[in-house]
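Visitor: Attaching a predicted model along with its sequence, questions to come.
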Amino acid sequence: MGSAYTSSSRNASKKRTWRWKDESDPEPLPQSWADGGRRESPGPEQVPVYAVQVRAGLLLEWKVKPGSRKVTGAPLRERPAIRAVYVTENATQAIVQEWDATKRSSGWVPDKDFASVLAKRPEKLDPVGPTDQQLFQRLLANLYDLGRCS
């Protein structure tokens with residue numbers, strides 16, 4: 001999961017911003033999260049995107065210089081988070097979404113609002129390279145009963 005995919009901005013203001021800090025390597029989405037996550041129904045001009053890969057980390061809140069968006073000083077606060085990669089059914093487009101999480105002795109767990117399927121407008125998605133497409137297609141086939149994944 002790289003920074004090539006657009007990430008959501010969580011509660012950003014002109015004076016502060018949340019920035020992601022990796023704490024783990026990308027891992028396949030656990031089957032229990034795929035099964036138990038909320039599922040959004042796509043509306044007109046939207047497509048479903050499926051969570052396939054996750055990474056645990058922290059969201060750090062920073063003060064930013066007005067106009068430049070450059071961070072200043074040290075982080076003001078932090079919160080545990082999960083960053084998930086969501087892909088279209090054909091794995092050609094993706095988006096990254098951050099979710100609040102809890103760190104337990106058994107590992108990281110997303111909060112109850114975590115969605116395994118999101119509805120997004122295609123123009124909000126980024127293209128996926130051929131190597132990642134193959135990986136994401138395998139993950140889709142293992143996690144979701146889509147009927148068309150191989």
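Guide: Okay, I see it.

Visitor: tell me which residues in the longest helix seen in the chain are buried?
Guide: When the chain is parsed with DSSP state H, its longest helix is helix 130-143. With burial defined by 16 or more other C-beta atoms under 10 Å, the residues of helix 130-143 counted as buried are 132-133, 135-137, 139-140, 143. C-betas here are computed from N, CA, C, even on glycine.

Visitor: roughly how far out does it sit from the chain middle?
Guide: Here helix 130-143 is found 16 Å from its chain centre; the criterion is C-alpha atoms, centre = their mean, to the nearest Å.

Visitor: what about dumping the CA coordinates of it to CSV?
Guide: What follows is helix 130-143, C-alpha atoms only, in CSV (Å, rounded to 0.1, in the frame of the first residue of the first chain):
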residue,chain,number,x,y,z
PRO,A,130,-0.4,-4.0,-13.4
THR,A,131,1.6,-5.7,-10.5
ASP,A,132,-0.7,-4.4,-7.8
GLN,A,133,-3.8,-5.3,-10.0
GLN,A,134,-2.8,-9.0,-9.9
LEU,A,135,-2.3,-8.9,-6.1
PHE,A,136,-5.5,-7.0,-5.5
GLN,A,137,-7.5,-9.5,-7.8
ARG,A,138,-6.2,-12.4,-5.7
LEU,A,139,-7.2,-10.6,-2.5
LEU,A,140,-10.6,-9.8,-3.8
ALA,A,141,-11.2,-13.4,-4.9
ASN,A,142,-10.2,-14.6,-1.4
LEU,A,143,-12.2,-12.0,0.6
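
Visitor: And the buried residues of helix 130-143, which is closest to residue 85?
Guide: Comparing the buried residues of helix 130-143 against residue 85 with C-beta to C-beta places residue 136 closest, at 7.6 Å.

Visitor: For that closest one, give me its contacts.
Guide: Residues in contact with residue 136 (C-beta atoms under 8 Å, 6 or more residues apart in numbering) are 52-53, 85, 87, 91, 94, 128.

Visitor: Now, these that are in helices?
Guide: Among the contacts of residue 136, no member falls in helices (DSSP H).

Visitor: Among those, which one lies nearest to residue 121?
Guide: Using C-beta to C-beta, the contacts of residue 136 come closest to residue 121 at residue 94, 13.8 Å.

Visitor: Many thanks, we can stop here.
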